Structure formats: C-alpha cells, structure tokens
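Participant: Provided below for reference: sequence and predicted model.
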Amino acid sequence: MTLYLIGLGLNDEKDITVKGLEAIKKCKYLYLEYYTSILQIKPEKLEKFYKKKITLAGRELIEKRADEILNKSKKFDTALLIIGDPMSATTHIDLFLRAKEKNIKTEVIHNASILTAVGITGLQLYKFGKTTSIPFAENYWALETPYNVLKQNQKQKLHTLFLLDLNPLENKFMSINDAIDILLKIESKKKNKIFSKKTKVIGCARLGSKKPLIVYDEAQKLMKKDFGKPPYCLIVPGQLHFMEEEALKK
Ligand SMILES: C[S@@+](CC[C@H](N)C(=O)[O-])C[C@H]1O[C@@H](n2cnc3c(N)ncnc32)[C@H](O)[C@@H]1O
C-alpha cells in the first residue's frame, strides 16, 4: 500500500497531472490539505471530478493526528492532496518521514507551485532571495522576520517574495493592502529605510488561474487597489535587469 503526496497545481480540478490522477483512482482514502493554500474552485468540485469523497484536513489533523492518515495508508492506498506542489513552501516532509519510519511506501507527485509561478511577473527566479511569509498576528509591532528577510535580500540586491497568511476554513485571507501596511508599521519602528510608501512592489493575485492580476507600482498605490479573489502574494524586487523591468512594465 502507498501513501501518495499529490500536488494539485494552482488553479482548478484540471491542473492535476496524469500521474496524480492515476494515483487517485487507486486510492481508498483522499485527504485535502486545506490550511496553506486554496484553488479557484471549491473542494466539492474535486470530489465530483475524482468521483471520490475527500476529507478536508486542517493543520490539527496533519500535524497532530497524522497517525489517522498513516494507519489508513498501511492498509489501503491513501493520498494527501496538496495545493501547489507537495514539497514547495510548506513541505510535508514531517508526514513523509513518519511514513518512512513506519515502513509505509510513499510516493510524491509534483506539480506547479507559487514558488515557480511568480516567474510570470518577468522576474528571474534565480534572482530571488529567501522567501518569507507575513503571518496573522495579534501584535504586528512585534513582528520582525519578514522585514529582516527583506533587509538581507536587499543587501544582495535580490527579489523578496512574501507569502501572505490565510485560513481557508474560516475564509480569512491577508490582503496585499494589509501586508504593505504591516511592512510600513515595522519600518516605522525599525527605521532601516528599506521600505516606504514609495517603494515599488508587485502585487499578485490568483497566479496560474485564467484571471490572474499582477500590478507593479508604488506601495502607496497598491494599498488602495482591490485585487479581487485570493490567494495573494507580494514581491519587493531587488535590482532589476532591464529585461525584467521591461516585462514588469508590460
Ligand atoms: C504556504 S504557500 C503554499 C505553497 C504551495 N504548496 C505551493 O506549492 O504553491 C501559500 C501562500 O502562497 C501564496 N499563493 C499560493 N498560491 C498563490 C496564487 N495562485 N497566487 C498568488 N499567491 C499564491 C499565498 O500567499 C499563500 O498564502
């Protein structure tokens, strides 16, 4: 029996690979990891497409009750479906290693990820520095990591990708406007002069879908923009090559 970690890609039920779909056909149990990203369709549409029932798996199930998934995969082919790529950004390496410890056969089926889809902006992927995320927080004044990562990346003239927190089960998504506001708040505290209302940034929504939105402008302009449906991410470009600048303008 096998535990499959299957990437679903970024948009809808049809982004799955042929290999992924073939694996799903073999599975008795399907779990959808539903706390780190969303597709442009509801999970019911996946059930209809696969003609199988799917259990939504929040953080608690994957991180604390992983044995439920592991025990099932000892007896039956079981899949954890992951939006994007299973081993990008949020990796499910913990579950993967626990399966190996229990001698459960595992198979990872890759797919497109936000980490590569940002290439559509025209920025060169190999010029990105460390990726960081902006989490929901009670007190944004205490949050420093995303700002510190930006500082490190800027020193090396590299681009910075900010992933923005979400909670799909509660329909809660951090907007690009909020993310900029948080970075400005941290700047006003740390005063390293690395981010201001005039900093040129790139806001991205729904990459990989039929209606993505990519806007390149000053932070203060993006703060007023409505980006429509989630998910969203924010990029602060480092030093731009003229080809990157050209692509961004278009
Ligand atoms: C933790 S990452 C999940 C990574 C996923 N496994 C992957 O490979 O794409 C989720 C974050 O990436 C960003 N993101 C994911 N998909 C996106 C999309 N299609 N367009 C814009 N941002 C996206 C959002 O900031 C979201 O909160």
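Facilitator: Good, I have the coordinates.
Participant: CA atoms only for the lowest-mean-pLDDT helix or strand in the chain, dumped as PDB, please.
Facilitator: Across the helices and strands of the chain, mean pLDDT, DSSP states H and E gives its lowest value to helix 59-63, namely a mean of 86. The C-alpha coordinates for helix 59-63 follow below in PDB (Å, rounded to 0.1, in the frame of the first residue of the first chain):
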ATOM      1  CA  ARG A  59      -3.400  21.900  10.500                       C
ATOM      2  CA  GLU A  60      -4.500  19.800  13.500                       C
ATOM      3  CA  LEU A  61      -5.200  16.700  11.500                       C
ATOM      4  CA  ILE A  62      -1.900  16.800   9.500                       C
ATOM      5  CA  GLU A  63       0.300  17.900  12.400                       C
END
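Participant: Packing partners of that helix?
Facilitator: Taking 3 or more C-beta pairs under 8 Å, 6 or more residues apart in numbering; DSSP states H and E as contact, the helices and strands that helix 59-63 lies on are strand 29-33, helix 66-75. Yep, even glycine has a C-beta here, placed from its N, CA and C like the rest.
Participant: at 10 Å what do you get?
Facilitator: For helix 59-63, the packing partners by 3 or more C-beta pairs under 10 Å, 6 or more residues apart in numbering; DSSP states H and E come out as strand 29-33, helix 66-75, strand 78-82, helix 93-101.
Participant: now those as a markdown table including mean pLDDT and distance to the ligand?
Facilitator: Below are those laid out as a markdown table (pLDDT from 0 to 100; distance: least, C-beta to the nearest ligand atom, whole Å):
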| stretch | mean pLDDT | distance to the ligand |
| --- | --- | --- |
| strand 29-33 | 96 | 8 |
| helix 66-75 | 94 | 17 |
| strand 78-82 | 97 | 6 |
| helix 93-101 | 90 | 12 |
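Participant: which bits of this protein sit near the ligand?
Facilitator: Residues of the chain found near the ligand (C-beta under 6 Å from any ligand atom) are 10, 36-37, 82-85, 88-90, 113-114, 163-164, 166, 204-208, 231-233.
Participant: Report the buried residues of stretch 54-65.
Facilitator: I54, A57, L61, I62 (16 or more other C-beta atoms under 10 Å).
Participant: what's the answer for stretch 5-19, then?
Facilitator: Neighbour counts over stretch 5-19 (16+ other C-beta under 10 Å) mark L5, I6, G7, L8, G9, L10, N11, D12, E13, D15, I16, T17 as buried.
Participant: Might one say that the last one is in contact with L8?
Facilitator: Yes - in this structure, T17 is within contact of L8 by C-beta atoms under 10 Å, at 9.3 Å.
Participant: Report the set of residues contacting both of these two.
Facilitator: Common contact partners of T17 and L8 (C-beta atoms under 10 Å, 6 or more residues apart in numbering): I109, N111, A112.
Participant: max-length helix in the chain?
Facilitator: Ranked by residue count under DSSP state H, the longest helix found in the chain is helix 176-190.
Participant: Okay, helices next: where are they in the chain?
Facilitator: For the chain, the helices defined by DSSP H occupy 18-26, 43-50, 59-63, 66-75, 93-101, 114-117, 145-155, 176-190, 219-222, 242-249.
Participant: Where among these is average confidence lowest?
Facilitator: Ranked by mean pLDDT, the helices of the chain bottom out at helix 59-63, which scores a mean of 86.
Participant: got the contact list for that helix?
Facilitator: By C-beta under 10 Å, 6+ apart, helix 59-63 touches 31, 33-36, 55, 57, 68-69, 80, 82, 90, 92, 94-95, 167, 169.
Participant: Any quick PyMOL command for the buried ones out of these?
Facilitator: Buried residues within the contacts of helix 59-63, by 16+ other C-beta under 10 Å, are selected in PyMOL with:
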select buried, resi 31+33+34+35+36+57+68+69+80+82+90+92+95
